[in-house]
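after the sequence you'll find the predicted model.
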Amino acid sequence: MAGVKIHVKDLWKTFEPSEKSSGGTEALREINFEIREGEILCLLGPSGCGKTTVLNIIAGFQMPSQGEVLVNGRRVDKPGPDRGVIFQEHGLFPWRTVLQNIIFGPQMMGKQLAESLALADQYINLIGLSGFQNHYPHELSGGMQQRVAIARVLVNQPDILLMDEPWETGCSDPGHDAGSSSGCLGKTPPHDPLHHP
Ligand SMILES: Nc1ncnc2c1ncn2[C@@H]1O[C@H](COP(=O)(O)OP(=O)(O)OP(=O)(O)O)[C@@H](O)[C@H]1O
Ligand SMILES: [Mg+2]
């Protein structure tokens, strides 16, 4: 269907029992939704209800037990650079500085160093960490680390952004607590990602 970026169709996921656990876990049952170009969708629900599992399947990290996900009309069967993922645990490289963390993606994609540095500079400014580019993650606050994790994904300019509770420490509004967890999915806004409605 025209304009549909992500189509989640009849998704079921049961995790098989491991050697030590007594039974399997049904994490998803008959999940259906569509996300169109420019839309932002938030998944809200209590801990353990399956939000991360949905994101992992869209990202291509896990396969569903039944059903499928189409991204731009193509069935997802592996991860791809069209889908940027901001994880629940931000997982910065501790041995790399802020700048080195952010240019990792552009370098992996084969961009020239000068272009990678210019892009990284733009996103370091965007997250308000100018002056901290040569700091290591352990020299930053939790919120600053989370913003680096966000910039590290945005700098790759993915078509789709999959965010697993990205505002927990980085950009939350201290006056507002929804009291539940969220996973967010959306198309990357083109110009001002952090301030797009
Ligand atoms: N790799 C796995 N192996 C077995 N069970 C799993 C695995 N990953 C998730 N589960 C189970 O699937 C269910 C959904 O987990 P999921 O991580 O998707 O929840 P969530 O909604 O993201 O929770 P939270 O808000 O705590 O992050 C849980 O019961 C969890 O125990
Ligand atoms: Mg989760």
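Noted; the coordinates are in hand. These numbers were taken from a predicted model, which means no experiment stands behind them. Numbering: from 1, shown residues only. Ligands and ions are numbered 1, 2, ... in the order given.

could you check the pLDDT of residue 99?
With respect to pLDDT, residue 99 scores 97.

number of nearby residues for it?
19 (other CB atoms under 10 Å). (Each C-beta comes from the backbone N, C-alpha and C, glycine too.)

distance from stretch 110-120 to the middle of the chain?
Here stretch 110-120 is found 22 Å from its chain centre; the criterion is CA atoms, centre = their mean, to the nearest Å.

please read the previous query as pertaining to stretch 54-65.
Put simply, stretch 54-65 sits 13 Å off its chain's centre (CA atoms, centre = their mean).

mind listing what's buried along that stretch?
Going by neighbour count (16 or more other CB atoms under 10 Å), the buried part of stretch 54-65 is 54, 55, 56, 57, 58, 59, 60, 61, 62, 64, 65.

JSON lines for those residues, including pLDDT, distance to ligand 1 and secondary structure?
Formatted as JSON lines, the entries for the buried residues of stretch 54-65 read as follows, by pLDDT from 0 to 100; distance: CB to the nearest ligand atom, whole Å; DSSP: H, G, I helix; E, B strand; the rest coil:
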{"residue": "54", "pLDDT": "96", "distance to ligand 1": "7", "secondary structure": "helix"}
{"residue": "55", "pLDDT": "95", "distance to ligand 1": "8", "secondary structure": "helix"}
{"residue": "56", "pLDDT": "96", "distance to ligand 1": "7", "secondary structure": "helix"}
{"residue": "57", "pLDDT": "97", "distance to ligand 1": "10", "secondary structure": "helix"}
{"residue": "58", "pLDDT": "97", "distance to ligand 1": "12", "secondary structure": "helix"}
{"residue": "59", "pLDDT": "96", "distance to ligand 1": "12", "secondary structure": "helix"}
{"residue": "60", "pLDDT": "97", "distance to ligand 1": "15", "secondary structure": "coil"}
{"residue": "61", "pLDDT": "96", "distance to ligand 1": "10", "secondary structure": "coil"}
{"residue": "62", "pLDDT": "97", "distance to ligand 1": "8", "secondary structure": "coil"}
{"residue": "64", "pLDDT": "97", "distance to ligand 1": "12", "secondary structure": "coil"}
{"residue": "65", "pLDDT": "97", "distance to ligand 1": "12", "secondary structure": "coil"}
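
adding distance to residue 151, write the residues you listed out as CSV.
CSV is the format used below for the buried residues of stretch 54-65 (distance: CB to CB, whole Å):
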residue, distance to residue 151
54, 24
55, 19
56, 22
57, 25
58, 22
59, 19
60, 22
61, 21
62, 26
64, 31
65, 35
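
return the member of these nearest to residue 152.
Using CB to CB, residue 59 is the member of the buried residues of stretch 54-65 that sits closest to residue 152, with 15.3 Å.

and the closest residue to the closest one other than its chain neighbours, what element?
Computed as CB to CB, 6 or more residues apart in numbering, the closest residue to residue 59 that is not its neighbour in sequence is residue 85, at 5.0 Å. For residue 85, the enclosing helix or strand under DSSP states H and E is strand 83-86.

adjacent strands (with direction) for that strand?
Strand pairing for strand 83-86, using DSSP bridges, gives strand 160-164 (parallel).

brilliant, that's me finished.
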